[in-house]
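Student: from the sequence below, what's the structure:
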Amino acid sequence: MSRTVCVIIALTLLSGCVSLSETALTVNGTPVSREECGAFMLCVTDTYADVCEYYESSLDCDLWSLTYPNGLTVWESVKADAFEQLVMMNVFAEMADSLSVSVSADERAACAADAHARIAQGGASDVSENALAALYEKRLLADKVYALLLSGTDVDEQAVADTLDPADYETSECEYLCVPYYVYADDAEVEGEMCELLRTVSRFKGKYEDAANYFDYVLAGTLSVSDTEDGFAEAVQDLDAGECSDVIKTNFGLFVLRLSARGTDLYQTALGEALYNARKAAYVAEYERLYASAEYELDVSYWSELTPYTK
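Tutor: Model (predicted):
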């Protein structure tokens with residue numbers, strides 16, 4: 001976590017920053033209200049909700065009050081990082097018009113619905129639903145601008161692709177037939193009968209779901225098999241489309257798989273993530289330049305008195 005923001009805040013105070021009644025922060029001359037800052041910090045603290053609950057229920061301590069070796073509490077450190085994020089959210093949102101980036105009516109409605117749901121959970125009496133919805137919209141707008149800027153950042157796409165092996169991400173789209181474990185339990189004779197039943201039904205040329213309708217204990221459906229699934233992946237690795245496996249015994253029950261097609265969705269997802277991370281790393285210098293060049297004034301007394309939100 002960055003520690004430099006704390007120093008920046010202190011220097012801002014020394015330079016004569018004044019406390020404004022409803023304005024907690026100005027970024028490049030644009031005022032940011034206390035309520036927007038509160039809504040932003042509500043989002044920040046919400047991301048730590050599960051960790052806070054773990055520390056409280058399992059370790060009987062307050063995460064936010066824990067202290068780092070440098071003397072900062074977890075809350076002070078999180079606030080320092082959040083300040084930079086808040087500034088940059090406003091910097092990117094400012095760029096939206098010049099880049100022809102906007103929030104659609106559907107997205108605006110979704111932000112309003114999310115804000116309504118979050119306020120209903122409680123723990124943020126000083127943040128209105130409208131303010132939270134507006135914050136969600138601005139954050140979405142800033143995220144769109146950031147994504148657009150990243151998309152224009154040059155990286156060696158082939159070099160990134162070369163770090164991934166498509167074979168590691170191949171999936172097999174399959175139909176399945178299944179007899180749940182409870183049908184045969186530990187009865188070897190019934191298990192054998194169910195295995196023969198599955199072998200017979202697996203020869204059905206139509207959809208397995210149609211075939212399963214004629215048998216009380218046979219389930220059917222579709223699934224994607226990846227290399228991480230022991231047993232299933234091995235059973236279908238040598239199949240051609242339309243061919244079925246032998247019976248596969250699992251803790252859940254007995255299965256037969258029929259290969260529909262080989263898929264590359266996982267690879268495309270992994271490649272997209274790898275390219276995104278590469279562009280993000282390449283954009284770091286520009287991001288830091290934008291932050292360093294941003295002109296802001298902070299109501300330090302307001303910021304220092306902020307406490308974590310709790311549900």
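Student: which residue ranges of the stretch 201-311 of the chain form helices?
Tutor: For the stretch 201-311 of the chain, the helices defined by DSSP state H, counting those that start in this stretch cover 208-212, 232-236, 265-282, 284-293, 300-304.
Student: can you redo those helices as TSV with mean neighbour count?
Tutor: Heads up, the C-betas are built off the backbone N, CA and C, glycines and all. Formatted as TSV, the helices of the stretch 201-311 of the chain follow (neighbours: other CB atoms under 10 Å):
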stretch	mean neighbour count
helix 208-212	17
helix 232-236	19
helix 265-282	15
helix 284-293	12
helix 300-304	16
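Student: out of the ones you listed, which is closest to residue 30?
Tutor: Of all these, it is helix 284-293 that lies closest to residue 30, at 14.6 Å by CB to CB.
Student: residues in contact with that closest one: which ones?
Tutor: Around helix 284-293, the neighbours that count as contacts under CB atoms under 8 Å, 6 or more residues apart in numbering are 84, 87-88, 91, 149, 153.
Student: could you do stretch 22-41 as well?
Tutor: Residues outside stretch 22-41 that contact it (CB under 8 Å, 6+ apart): 20, 79, 82, 85-87, 89-91, 94, 124, 126-128, 131-132, 134-135, 138-139, 294-299, 302-303, 306, 309.
Student: what's the ChimeraX line that selects buried ones from those residues?
Tutor: Buried residues among those (16 or more other CB atoms under 10 Å), as a ChimeraX selection:
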select :20,79,82,85,86,87,89,90,91,94,124,127,131,132,134,135,138,139,296,297,298,299,302,303,306,309
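Student: JSON lines please, covering the helices of the stretch 201-311 of the chain and showing distance to residue 248.
Tutor: Putting the helices of the stretch 201-311 of the chain into JSON lines (distance: least, CB to CB, whole Å) gives the following:
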{"stretch": "helix 208-212", "distance to residue 248": "14"}
{"stretch": "helix 232-236", "distance to residue 248": "5"}
{"stretch": "helix 265-282", "distance to residue 248": "21"}
{"stretch": "helix 284-293", "distance to residue 248": "47"}
{"stretch": "helix 300-304", "distance to residue 248": "59"}
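Student: quick one: which of those is nearest residue 174?
Tutor: That would be, of these and by CB to CB, helix 232-236, which comes in at 6.2 Å.
Student: of all pairs in the contacts of helix 284-293, which one is the farthest apart?
Tutor: Greatest spatial distance among the contacts of helix 284-293 (CB to CB): 87 and 153, at 20.6 Å.
Student: residue 118 against residue 135, yeah?
Tutor: No. If you go by CB atoms under 8 Å, residue 118 and residue 135 don't touch, sitting 10.3 Å apart.
Student: could you tell me which residues touch both of the two?
Tutor: Counting by CB under 8 Å, 6+ apart, residue 118 and residue 135 have no common neighbour.
Student: what about the longest helix in this protein?
Tutor: helix 129-151 (DSSP state H).
Student: what comes up buried for it?
Tutor: Residues of helix 129-151 classed as buried: 129, 131-142, 144-146, 149-150 (neighbour count, 16+ other CB under 10 Å).
Student: before we move on, what about stretch 100-109?
Tutor: Buried residues in stretch 100-109, counted by 16+ other CB under 10 Å: 101, 103, 108.
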